[in-house]
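S.K.: Build me a model from this:
(3 chains)
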Amino acid sequence: MLSKLATIQLEQRLSKLIEQCSAVDAAVVATLDGYTCAMKQRSQQYPLERLATMGSTLMSLGDTITAELRLGTCDNIISENKNGIVAFMHIDDNLVLITLTTQKNALGMLLSHSRRCAEEMKKVIA
Amino acid sequence: MYKLYYHALQKNDPVFFRSMLQLVGLKLSQNWEIDEHAKLVLVDVETPEGQSFWQNPPAEKVLIAYARQNDMQSSWFLPKPIRTQSLIQLLNELAEHVCFDNDAPKPPAKIQASHMDVVKAKASEFFQPEYYLVGVLQQILQSQEITRASCTGFPPLYIVPSERRCFTHQVQFNQINTAQKMFYAASIDELECETLSTEQLQQDIKQHHLVAYPIETILWLSAMCASQGRFASASTQNKFIRLVQWPNFALFPYQPYHMNLAAYMLKNVADVHNIAQKTQCSLENVVDFTNACSIIGILKYEQEHKVVEKQLPEARRGLFKTILQRLADTVTFHK
Amino acid sequence: MRKDQIKLVFTGNMGAGKTTAIASISEIPVINTDVLMSSGASVDKEKTTVAMDYGELTLDNGEKLFLYGTPGQQRFDYMWQILIQGGLGLIILIDNSGVDPIGDLARYLDSFHDFIQETGAVIGITHTDDAPRPDLQMYYHYLQERGLQLPVFPIDARSRESVVMLIQALLAILEYG
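M.R.: Numbers count the residues shown, from 1 in each chain, chains lettered A, B, ... in the order given. Model prediction:
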């Protein structure tokens, strides 16, 4: 598990993500086995802890598929839905960043901001 | 003073039993009293609690089956309802044959029968377990004495009743050959039984590198081998039967069709002919299976027939057969 | 039942041996989604399944028998409901050395209640050498209280024979039970 300081720093970084990117409605940092490390959302409407668990499932499936297909490493998994998009990506070997937008046309913005956030988080934890 | 207790007796039976014991007191060869720490325990095997206790008794207890009929084929049996004469007979025999902690050690009951009796039993159309190894094992369990059972040409079997285990040379129970089956089907006159001390047992185990097996495994196998498709009695072939729980196939050598029999007999109450027809097993195999289940105490007789017809598409049956065939290719079963 | 969907589902608590059991009969290396567990102050050495295990066996007629293992932890119960879709039946593995094996069994019987009613289930108890209690009779007593007559066998999940025995019992229930 992360230190308290690291957790605070992750939470701060998530707050910054939501402030800076209007497209991001919710963001979670989860462990590979589905526990929540940090979470933030604009309004309290999403079950983020449940999302963390399911995110770990999806991420591991993504990793498994890319390994089986010998396609390198799994960078992102994107779930495009009727009412929004959810993106899943590794922060490092142990953590996953999950971000959500209700704006169907904001995929590019979601991904770019999320990737930058993940890279910064990786440095924080390291 | 001889002592006994009871387990899982229903309603007024405990009070009735105590009264009967007092009533028959003068006609008994020894003095008896009820004591909850007694080695001897009367078990109502027609109740779920009694059945559970019967199948997993505490160490060192000698059990007496209490039921309308001796479906458990127990060496010690008291029929319901309790009659003075049957109670007197039982208690006097127990006093003579069972070794008690509060008495000087007694020699075990002689496990023997006349040669003519054995010949008759072997030729009989009915299966009488008391004339075979399986019956000998049951008697040894009741006697609570460590016993070595030998048969010429075969490694001996060491029975340790308090642990409900047997020791013998290593056996692949799923690959028993014809010769080995002869041992497990041995009749009482082919067996020589001798009690041993714990020290002697330990010595033999060490010297001969003996391996321990649960007594249930040997009971099952010896019942299967000796049964030879014979009913326990004339009336049993028309009786309605069911299982009360799955045989522990992790311990018992089995054939795939035993699984089908178990599944059917747990769900339905039927006679052996119906069971054979519905599971497409031979009558002989069904009878052997039911005899073995009876010996290990998981067979129950019922008054009424109850069969739930299961409609399964042929395609589904075919699929299961294919899966089983594929699985059988990965594992060897004995034929 | 779809022709191309013949599957058996293995479930049970963490460490009971689901992945091992599937591996013992799968003709392909088991595809698993095991990740290191995070607990306490540092990442634990132990792994847990977060999505599923997958193995397969080709039948003589060319069809495939799919073998799925569910995650053991209750948190992943959404995967349980996904994985049992279209399954033939359920194999529940319980680690007898756990803190409350019968409690664990109860949870799986509750979670898969409807599926078990529609199809069938068999129970394999692992690690009985390490922990002989609860014994089989205690499991049967519990099942009796629930009105269930499922087979319960002590098994070694590494043993192909043990796993085959479980499947044989399950198919017998599906056909005759």
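S.K.: tell me which element residue A:85 is part of?
M.R.: Using DSSP states H and E, residue A:85 falls within strand A:84-90.
S.K.: Each with direction, which strands does that strand pair with?
M.R.: strand A:76-81 (antiparallel), strand A:95-101 (antiparallel) (DSSP bridges).
S.K.: Nearest residue to the residue in chain A positioned nearest to chain B in space, please, no chain neighbours.
M.R.: Nearest residue of chain A to chain B (Cβ to the nearest Cβ) works out as residue A:68 at 24.2 Å. Backbone N, C-alpha and C define where each C-beta goes, glycine included. In space, and not counting its chain neighbours, residue A:68 is closest to residue C:31: 6.9 Å by Cβ to Cβ, 6 or more residues apart in numbering or on different chains.
S.K.: Need phi/psi at the one you found.
M.R.: phi -90, psi 120 (degrees, to the nearest 10).
S.K.: State the number of residues packed around residue C:138.
M.R.: 15 (other Cβ atoms under 10 Å in any protein chain shown).
S.K.: Quick check: it vs chain B, distance?
M.R.: Per Cβ to the nearest Cβ, to the nearest Å, residue C:138 is found 9 Å from chain B.
S.K.: Quick test: name the residue nearest the centre of chain B.
M.R.: residue B:295 (2.8 Å; Cα atoms, centre = their mean).
S.K.: In this structure the residue of chain A closest to chain B contacts residue C:32, no?
M.R.: No: at 11.5 Å, residue A:68 does not count as touching residue C:32 under the criterion of Cβ atoms under 8 Å.
S.K.: Show me which of the two is the more surrounded one.
M.R.: residue C:32 (21 against 9).
S.K.: any idea how far chain A is from the more buried one?
M.R.: 8 Å.
S.K.: Using the three-state scheme, assign the closest residue in space to that residue that isn't next to it in sequence.
M.R.: Distances taken as Cβ to Cβ, 6+ apart place residue C:53 nearest to residue C:32, at 4.7 Å, with adjacent residues excluded. When classified by DSSP: H, G, I helix; E, B strand; the rest coil, residue C:53 comes out as strand.
S.K.: wait, what's in contact with residue C:53?
M.R.: C:10, C:18, C:19, C:22, C:30, C:31, C:32, C:33, C:67, C:68, C:69 (Cβ atoms under 8 Å, 6 or more residues apart in numbering or on different chains).
S.K.: Low-confidence stretches in chain A?
M.R.: Counting by pLDDT under 70, the ranges of chain A that qualify are A:1.
S.K.: Chain B now?
M.R.: B:98-112, B:331-335.
S.K.: Close to chain C: what parts of it are there?
M.R.: Within chain B, the positions lying close to chain C (Cβ under 8 Å from any Cβ of the partner chain) are B:48, B:52, B:55-56, B:174, B:245-246, B:248-250, B:256, B:259-260, B:262-264, B:266-267, B:278-279, B:310, B:312, B:316-317, B:319-320, B:322-328, B:330-331.
S.K.: if we go to 7 Å?
M.R.: B:48, B:52, B:55-56, B:245-246, B:248-250, B:256, B:259-260, B:262-264, B:266-267, B:279, B:310, B:312, B:317, B:319-320, B:322-327, B:330-331 (Cβ under 7 Å from any Cβ of the partner chain).
S.K.: re earlier: contacts for the strand holding residue A:85?
M.R.: A:55, A:58-59, A:75-79, A:96-102, A:104, A:107, A:110-111, A:114-115, A:118 (Cβ atoms under 7 Å, 6 or more residues apart in numbering or on different chains).
S.K.: Same question for stretch B:130-139.
M.R.: Under Cβ under 7 Å, 6+ apart, the answer for stretch B:130-139 is B:75, B:109, B:111, B:113, B:117-118, B:121, B:129, B:149, B:159, B:184-188, B:191, B:193, B:215, B:218-219, B:222-223, B:226, B:295.
S.K.: thinking again about what came up before, so what's the closest residue in space to the residue nearest to the centre of chain B that isn't next to it in sequence up against?
M.R.: Ranked by Cβ to Cβ, 6+ apart and with sequence neighbours excluded, the top spatial neighbour of residue B:295 is residue B:223, at 4.2 Å. Counting by Cβ under 7 Å, 6+ apart, residue B:223 touches B:129, B:134, B:291, B:292, B:295.
S.K.: Identify, by residue count, the longest helix of the chain.
M.R.: With no chain named, the answer covers chain A. When chain A is scanned for its longest helix (criterion: DSSP state H), the result is helix A:48-68.
S.K.: Correction: the question concerned chain C.
M.R.: helix C:160-176.
S.K.: tell me which element the residue in the stretch 101-250 of chain B positioned nearest to chain A is part of?
M.R.: Of all residues in the stretch 101-250 of chain B, the one sitting closest to chain A is residue B:250 (32.6 Å; Cβ to the nearest Cβ). For residue B:250, there is no host helix or strand (DSSP H and E).
S.K.: what's around it, how many residues?
M.R.: If we define neighbours as other Cβ under 10 Å, then residue B:250 has 23 of them.
S.K.: gap between it and residue A:60?
M.R.: According to Cβ to Cβ, to the nearest Å, residue B:250 and residue A:60 sit 33 Å apart.
S.K.: So which residues of the stretch 101-250 of chain B form helices?
M.R.: Per DSSP state H, counting those that start in this stretch, the stretch 101-250 of chain B carries helices over the ranges B:115-123, B:133-143, B:178-184, B:198-208, B:215-227.
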